[in-house]
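Asker: Would you be able to build a 3D model of this:
(2 chains)
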Amino acid sequence: MSALKLYDTATRDIRDFQPLKKGEVSIYVCGATVQAAPHVGHIRSGVNFDILRRWLTASGYNVTFIRNVTDIDDKILHKAVHEEIPWWAVAMKYERAFALAYESLNVLPPTYEPRATGHITQMIELMEKLIENGSAYAPGNGDVYLEVRKLKSYLTLSNQKLDDLLPAGDADETYKRDPRDFALWKAAKPGDPSWPTPWGAGRPGWHLECSAMSHAYLGAEFDIHGGGLDLIFPHHENEIAQSQAAGYGFAKLWMHNAWVTTSGEKMSKSLGNSLQVMEVLKRVRGIELRWYLGSAHYRSMLEFSFEALEESATAFKRVESFLQRAKELIGAVPGAVIADEFAAVMNDDLSVPQGLALIAEWQRSGNTALTNGDSAQVSKFAGYIRGALDILGCDPFDPAYASNAGADLSAAVDGLIALLLEQREAARARKDFAAADSIRDRITAMGISIEDTPQGPRWSIN
RNA sequence: GGUGGAGUGGCCGAGAGGCGAGGCUCGGGACUGCAAAUCCCGCUACACGGGUUCAAAUCCCGUCUCCACCUCCA
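Answerer: Numbers count the residues shown, from 1 in each chain, chains lettered A, B, ... in the order given. Sure, this is the predicted structure:
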């Protein structure tokens, strides 16, 4: 079996993945700032890292996967004013919206899902450490800053020079030793929530949260840190700065997913072109949206359109339909098998698009086997496909996608349709095609498709 | 100004020097009483201009266009 290779944003190359501890992988992914309902771009990130996690798990690693929730920040506070509810109610409302979106797309819950406000103690400890060793300073106004000039290295992830940065526009620099110094902690403003610290009451800066939480759950160094491309600077640079200034080894490998775009532009709330996950789920099922989001490589931009989404859903339905017929022929859900070829493409920096090409080949071969009634071959190809779909989180037999709705009805419906199909078969046998077609037309009008197969007619709900 | 990414057939989307990934759409065919489903065949593309090479979508030089980040971002 080939070895896993991953692209590292820090070194800008693809290299063999070597975990710090044999057989174990620790991952920290920057999750959502819960200030609005999730859009398609947010969920793409969730899906991409979920595929990584599933693949590592399938490869035999014991994976610890942390994805945080940023439940305090400026936008949440603004929203609280706007919606006239407490800030914590805003955070909980959208945290639940994210949880629902993740669940709808079968994104597995993280091993731990820490909230920023639950880790103030760890943040204060980290700041104490940084102030003690001279990396950070509290100028007395309640803020705490990291002094970037004192860092051994800074901006290595984004490959920038400190002097090339544009000056911050609106920042109050009265208390900063250098305009590029960034806030670890923000002094409380009247009316805003705050937590007491040795330097005054306030609330955490965004970057500090992730340094504190990754340390709390994964320790001083861990294998993979992930997030969206847009987090590289400043968020991830500043995390590195804080954590390394505290003496931590921090992340060994950086992975960044690309965006969902529309008309070539990044989908984002501030550009006003974002599409909420729940809106899209009115058009396609979660499993279909997930398949679509996986259809581009995680480091490539994905150009969103409903046309492409629906075409992608059509392709997925064909795969699904093959598996269903395979199950009917062999009389059981085909067992999932990871094919060597699939493992090879996944090990090559998670080349999902090439995995989809393999699925298409297996589907074609499998359909041919189905036509020939060759159940051994059908089992083989269906097993390969299920194995691949399981990694992609798109296995239609996964109980996560099962809907209980109408389960009691299905047996009754099956019996009724079977009765109609028997009558149609009888009509066909006596060559009364008008009667046969009339029955089929009426069934079709109910939204049910009829297919005549070598094993007899079968039906499915559109 | 700095840093990074992109331009591939009707649409989506891989590939990164050598036999045209794959899907969807569309056209043709096989099968079928007719459909549907399925299978087969076809639609021969890599922004532009040069160059290197036996061979370039892929390497080099130049040009154009677009996108992103530079302290809100998945």
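
Asker: So which residues on the stretch 301-450 of chain A come close to RNA strand B?
Answerer: Contact residues, the stretch 301-450 of chain A versus RNA strand B (CB under 7 Å from any atom of the strand): A:301-303, A:305, A:307-308, A:311-312, A:314-315, A:318, A:321-322, A:351, A:353-354, A:356-357, A:360-361, A:363-364, A:367-368, A:370-371, A:428, A:433, A:436-437, A:440, A:449-450. Placement of C-beta: from N, CA and C, glycine included.

Asker: Now the stretch 1-150 of chain A against RNA strand B: closest residue?
Answerer: The stretch 1-150 of chain A approaches RNA strand B most closely through A:Gly41 (2.4 Å), counting by CB to the nearest atom of the strand.

Asker: Check what pLDDT that residue gets.
Answerer: Here the pLDDT value assigned to A:Gly41 is 95.

Asker: now the residue nearest to A:Lys150 when sequence neighbours are not counted: how far from A:Glu221?
Answerer: Spatially, and ignoring its direct neighbours in sequence, A:Lys150 is nearest to A:Ser135 (5.8 Å; CB to CB, 6 or more residues apart in numbering). As judged by CB to CB, to the nearest Å, A:Ser135 and A:Glu221 stand 18 Å apart.

Asker: For those two, indicate the residue with more neighbours.
Answerer: Set side by side, A:Ser135 and A:Glu221 show more neighbours around A:Ser135, with 22 against 15, by other CB atoms under 10 Å.

Asker: show me what contacts that one?
Answerer: Counting by CB atoms under 8 Å, 6 or more residues apart in numbering, A:Ser135 makes contact with A:Leu146, A:Glu147, A:Lys150, A:Leu151, A:Ala245, A:Ala246.

Asker: Of the residues of the stretch 301-450 of chain A next to RNA strand B, grab the buried ones for ChimeraX.
Answerer: With 16 or more other CB atoms under 10 Å as the criterion, this ChimeraX line picks the buried residues out of these:
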select /A:302,312,315,321,322,351,354,356,363,367,370,428,436,440,450
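
Asker: taking the residues of the stretch 301-450 of chain A next to RNA strand B one by one, which sit in helices?
Answerer: A:307-308, A:311-312, A:314-315, A:318, A:321-322, A:353-354, A:356-357, A:360-361, A:363-364, A:367-368, A:370-371, A:428, A:433, A:436-437, A:440 (DSSP state H).

Asker: What are the boundaries of the helices in the stretch 151-300 of chain A?
Answerer: A:206-218, A:237-245, A:277-280, A:286-293 (DSSP state H, counting those that start in this stretch).

Asker: Of those, which is nearest A:Ala183?
Answerer: helix A:206-218 (8.4 Å; CB to CB).

Asker: what does the closest one rub up against?
Answerer: Contacting residues not belonging to helix A:206-218 are listed as A:26, A:28, A:30, A:33, A:64, A:66, A:68, A:70, A:73, A:112, A:114, A:116, A:119, A:122-123, A:125-127, A:182, A:184-185, A:204, A:222, A:225, A:234-235, A:238-239, A:242-243, A:246, A:248, A:250-251 [CB under 8 Å, 6+ apart].

Asker: for stretch A:187-195, same thing?
Answerer: Applying CB under 8 Å, 6+ apart, the contact partners of stretch A:187-195 are A:72, A:77, A:87-88, A:120, A:141-143, A:200-204.

Asker: how about 6 Å then?
Answerer: A:Trp87, A:Ile120, A:Asn141, A:Gly142, A:Asp143, A:Gly200, A:Ala201, A:Gly202, A:Arg203 (CB atoms under 6 Å, 6 or more residues apart in numbering).

Asker: and the stretch 151-300 of chain A, which residues reach RNA strand B?
Answerer: Taking CB under 7 Å from any atom of the strand as the contact definition, the stretch 151-300 of chain A meets RNA strand B at A:158-161, A:164-166, A:168-169, A:171, A:180, A:182, A:206, A:227-235, A:238, A:257-261, A:264-271, A:295-297, A:300.

Asker: hmm, 6 Å instead?
Answerer: Within reach of RNA strand B by CB under 6 Å from any atom of the strand, the stretch 151-300 of chain A has these residues: A:158-161, A:164-166, A:168, A:180, A:182, A:206, A:227-228, A:230-231, A:233-235, A:257, A:259-260, A:264-268, A:270, A:295-297, A:300.

Asker: And for the stretch 1-150 of chain A?
Answerer: Within the stretch 1-150 of chain A, the positions near RNA strand B by CB under 6 Å from any atom of the strand are A:Cys30, A:Ala32, A:Thr33, A:Gly41, A:His42, A:Arg44, A:Ser45, A:Lys75.

Asker: Among those residues, which pair sits farthest apart?
Answerer: The most widely separated members of these are A:Arg44 and A:Lys75, with 20.6 Å between them, by CB to CB.

Asker: When the two are compared, which one has more neighbours?
Answerer: Between A:Arg44 and A:Lys75, A:Arg44 has the larger neighbour count (other CB under 10 Å), namely 27 against 15.

Asker: Confirm for me that A:Tyr248 is in contact with A:Ala220.
Answerer: Yes - using CB atoms under 6 Å, A:Tyr248 is in contact with A:Ala220, at 4.1 Å.

Asker: Who has more neighbours out of those two?
Answerer: Between A:Tyr248 and A:Ala220, counted using other CB under 10 Å, the more crowded position is A:Tyr248 (19 against 12).

Asker: Tell me the spacing between that one and RNA strand B.
Answerer: 20 Å (CB to the nearest atom of the strand, to the nearest Å).

Asker: and that residue, backbone torsions?
Answerer: Dihedral pair for A:Tyr248: phi -90, psi 150, per degrees, to the nearest 10.

Asker: mind listing what A:Ile120 touches?
Answerer: A:Ile120 sits next to A:Trp195 when contact means CB under 6 Å, 6+ apart.

Asker: Go again with 7 Å.
Answerer: Residues counted as contacts of A:Ile120 (CB atoms under 7 Å, 6 or more residues apart in numbering) are A:Trp195, A:Pro204.

Asker: okay, it: pLDDT?
Answerer: As predicted, A:Ile120 sits at a pLDDT of 96.

Asker: any idea how far it lies from A:Phe250?
Answerer: According to CB to CB, A:Ile120 stands 21 Å off from A:Phe250.

Asker: so what's A:Ala136 up against?
Answerer: A:Met127, A:Leu130, A:Val144, A:Tyr145, A:Leu146, A:Glu147, A:Leu184.

Asker: which two from those end up farthest apart in space?
Answerer: Using CB to CB, the two most remote members of these are A:Met127 and A:Glu147, lying 12.6 Å apart.

Asker: Pull the distance from stretch A:276-284 to the chain's centre.
Answerer: 16 Å (CA atoms, centre = their mean, to the nearest Å).

Asker: Quick one: end-to-end length of it, please.
Answerer: 13 Å (CA to CA, to the nearest Å).

Asker: again with stretch A:101-119
Answerer: Terminal-residue distance, stretch A:101-119 (CA to CA): 25 Å.
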